[in-house]
Structure formats: structure tokens, C-alpha cells
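Chemist: pasting the sequence and the predicted model now:
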Amino acid sequence: MINSIFNPPAHDRYFEDYIVGSVYEFGSIAVEEKDILEFAQKFDPQIFHLDRDKAGKGPFGGFIASGWHTAAITMRLLVDYYVSEVAGMGSPGSGPIRFLKPVRPGDTLSIRVTIIKTNRSRSKPDRGTVKAFVETLNQHGEAVMTRIAIGIVRCRPIAMKTQDP
């Protein structure tokens, strides 16, 4: 079953809330030509990201976003919808990134996240790792990028029991 809401919300989400097998679809960000151009000028100045006319004669048959721009949009969606605000502790790394289809001006991207593994730390039992398969989807539901995301997440604090006098 695919969920569009992750409960509990990000401000109360801990390691125990990431359940293996859960699938979530989130967000949407419209990709605009000016954003593609701005990102490419700063970070990936290849011709098919910079020049509409020359890109039309290139290997992608038109102007496209940098794969790294797509990855940055994906990260924004992950932070907005998936990553815990109170327990996220960053990432030790990421699995392979695959760019499957070009992203073009006018596309709208969203993400599908499937939690594939959780592992509570033995050496630091207050946290664990969460491994997820992340698909970046276009407006047609086609995967344009995939990656494995690994996050370190704090465990839910244990409430101290008070003794009655």
C-alpha cells in the first residue's frame, strides 16, 4: 500500500516509526527552465543544460536538467516530507544513483520512498540506520532517477516512570 502521509509527523518521527516495507509518495516540485539554466551555470555547465538550440542537436534531443539538479530536487522533497526534524542525524553515505530519463522544463517531480531495511546500532543503542529505495517520478509517474538513501535516526526517548509516594 502506498501512503501519501507519513505518521507520525516529522516533528515527532523517530527510528521506530520507519517500518520496513512501508511505501510513501510525496510532494511535487515544478521544474522551470530558468531554474535548470541557473543550476547548470553554477554547477554543471554542459551544453545540453545551457543552450536550448544546441541541446536540440545533442544526445537528449533537447534541453534537460542536470542529473545533479534532479538529485537536489529529490533531496529537497526528502527533507520536506520524509526526514525526521527531531531525530535525523545525517547520512553515512548513499547507494548508487541512476538517472533513468531526462528531466525537462515543465516537468513536475515527486518522490516514492520504500523503506527496505532498518538496523538499530549495537554500539550506540540510542540510534539506528534506515535504508530506503528512493524513486524520483515525473508527472507521468515515470521514474527519472533512483537511489538508495541511508539515514541515521535517533530512537524515541524512553519516558521515565515516576513513582507515586
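Modeler: Okay, I see it.

Chemist: so which residues of the chain form helices?
Modeler: Secondary structure of the chain (DSSP state H): helices located at 33-43, 47-50, 52-56, 67-81.

Chemist: worst average pLDDT in these?
Modeler: Note on the helices of the chain: helix 52-56 shows the lowest mean pLDDT, a mean of 90.

Chemist: any idea how far that helix is from the chain center?
Modeler: 29 Å (CA atoms, centre = their mean, to the nearest Å).

Chemist: quick one: low-confidence ranges for the chain?
Modeler: 159-165 (pLDDT under 70).

Chemist: please repeat the previous calculation with a cut-off of 90.
Modeler: Applying pLDDT under 90 to the chain picks out residues 1, 3, 52, 56-58, 158-165.

Chemist: make TSV out of the helices of the chain and add distance to residue 155.
Modeler: Bear in mind the C-beta positions are built from the backbone N, C-alpha and C, glycine included. Shown next, in TSV, are those (distance: least, CB to CB, whole Å):
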stretch	distance to residue 155
helix 33-43	36
helix 47-50	42
helix 52-56	48
helix 67-81	20
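
Chemist: which stretch among the ones you listed comes nearest residue 105?
Modeler: Comparing the helices of the chain against residue 105 with CB to CB, the closest turns out to be helix 33-43 (3.8 Å).

Chemist: so what secondary structure elements neighbour that closest one?
Modeler: helix 47-50, helix 67-81 (3 or more CB pairs under 8 Å, 6 or more residues apart in numbering; DSSP states H and E).

Chemist: circling back: so which of the helices of the chain comes closest to residue 130?
Modeler: helix 67-81 (11.6 Å).

Chemist: just want the angle from that closest one to helix 33-43.
Modeler: Orientation of helix 67-81 against helix 33-43 (axes from the mean of the first three to the mean of the last three CA atoms, to 10 degrees) gives an angle of 110 degrees.

Chemist: then helix 67-81 to PDB, C-alphas only?
Modeler: Only the C-alpha atoms of helix 67-81 are listed here, as PDB (Å, rounded to 0.1, in the frame of the first residue of the first chain):
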ATOM      1  CA  GLY A  67      21.100  15.000 -13.100                       C
ATOM      2  CA  TRP A  68      22.600  16.700 -10.000                       C
ATOM      3  CA  HIS A  69      19.700  19.300 -10.200                       C
ATOM      4  CA  THR A  70      17.300  16.300 -10.200                       C
ATOM      5  CA  ALA A  71      19.200  14.900  -7.200                       C
ATOM      6  CA  ALA A  72      19.000  18.300  -5.400                       C
ATOM      7  CA  ILE A  73      15.200  18.500  -6.000                       C
ATOM      8  CA  THR A  74      14.900  14.900  -4.700                       C
ATOM      9  CA  MET A  75      16.800  15.900  -1.600                       C
ATOM     10  CA  ARG A  76      14.500  18.800  -1.000                       C
ATOM     11  CA  LEU A  77      11.500  16.600  -1.200                       C
ATOM     12  CA  LEU A  78      13.100  14.100   1.200                       C
ATOM     13  CA  VAL A  79      13.700  16.800   3.700                       C
ATOM     14  CA  ASP A  80      10.300  18.300   3.300                       C
ATOM     15  CA  TYR A  81       8.400  15.100   3.700                       C
END
